[in-house]
Structure formats: C-alpha cells, structure tokens
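[1] model the structure of this input:
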Amino acid sequence: MKLALHEIYQSFGRTMAEEGLKRLYWWLTHSRFEPMKAMGKAIKGQWDAILNYSDHRRTNGVLEAIKGPIQAAREVFWCASAQA
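    Model prediction:
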C-alpha cells in the first residue's frame with residue numbers, strides 16, 4: 001500500500017494518478033481486513049484533494065505552518081484582553 005501511494009504521488013498527470021488511485025481503492029475495499037476497508041473509505045472521501053495534488057504539486061503545509069504562530073498570538077491577545 002505504501003508503494004502504491006508513493007507511485008500515485010510521483011505520477012505525472014491527473015490521469016495516471018487517478019488510475020493508480022482507482023487500483024489502490026479497489027484493493028483496499030476488497031480486503032478482508034477491516035482497517036484496510038476504512039482506509040479505502042478515507043481515501044474516497046479525499047479523492048479530489050489527492051488528485052488536485054497531481055495537478056498543482058502543492059499542499060497546504062505552508063499554511064499550516066503559518067497558522068500555529070497566528071493562533072498563539074491570538075490566544076495571547078484574548079488572554080490579555082480577558083484579564084483587563
């Protein structure tokens with residue numbers, strides 16, 4: 001499964017990524033191991049997001065990294081204003 005996901009993320013173009021994702025999804029949903037079936041359902045829920053990565057080669061990692069300090073500053077502001 002790890003190699004299948006790696007191939008999907010390394011594929012060039014949405015069509016190749018979608019073919020690999022379909023194969024992986026089929027394999028997961030036809031497994032007799034329940035956690036694999038749950039993983040298949042999770043992948044199905046994020047289908048478009050996974051394929052969008054193959055189009056743009058960007059993730060929201062930078063936004064998540066910026067979000068931490070902003071939330072910390074907001075918390076400091078709210079604590080200061082609540083004490084005043």
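[2] please make it C-alpha for all contacts and neighbour counts, starting now.
    Fine.
[3] report pLDDT for residue 80.
    In this prediction, residue 80 carries a pLDDT score of 64.
[4] what does residue 56 give?
    On the pLDDT scale, residue 56 is placed at 74.
[5] where's it relative to residue 48, distance?
    Per CA to CA, to the nearest Å, residue 56 is found 12 Å from residue 48.
[6] what's the answer for residue 3, then?
    From residue 3 over to residue 48 (counting by CA to CA), the distance is 20 Å.
[7] what of residue 78?
    From residue 78 across to residue 48, the span is 37 Å (CA to CA).
[8] what residue ranges in the protein score low on pLDDT?
    The model of the chain has pLDDT under 70 over residues 1, 57, 80-84.
[9] ranges for the helices of it?
    2-10, 14-29, 34-45, 47-56, 61-83 (DSSP state H).
[10] need the residues that contact the last one.
    Helix 61-83 is touched from outside by no residue, with contacts defined as CA atoms under 8 Å, 6 or more residues apart in numbering.
[11] and if you look at the third one?
    Counting by CA under 8 Å, 6+ apart, helix 34-45 makes contact with 25-26, 28-31, all of which sit outside it.
[12] tabulate those (CSV), appending neighbour count and distance to residue 18.
    Shown next, in CSV, are the contacts of helix 34-45 (neighbours: other CA atoms under 10 Å; distance: CA to CA, whole Å):
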residue, neighbour count, distance to residue 18
25, 20, 10
26, 13, 12
28, 21, 15
29, 17, 16
30, 13, 18
31, 12, 20
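[13] picking that back up, between residue 3 and residue 48, who's got more neighbours?
    Between residue 3 and residue 48, residue 48 has the larger neighbour count (other CA atoms under 10 Å), namely 11 against 8.
[14] and the gap between that one and residue 58?
    The value you get for residue 48 to residue 58, if CA to CA is used, is 14 Å.
[15] same thing with residue 40?
    23 Å.
[16] ok, these two, which is more surrounded?
    residue 40 (21 against 10).
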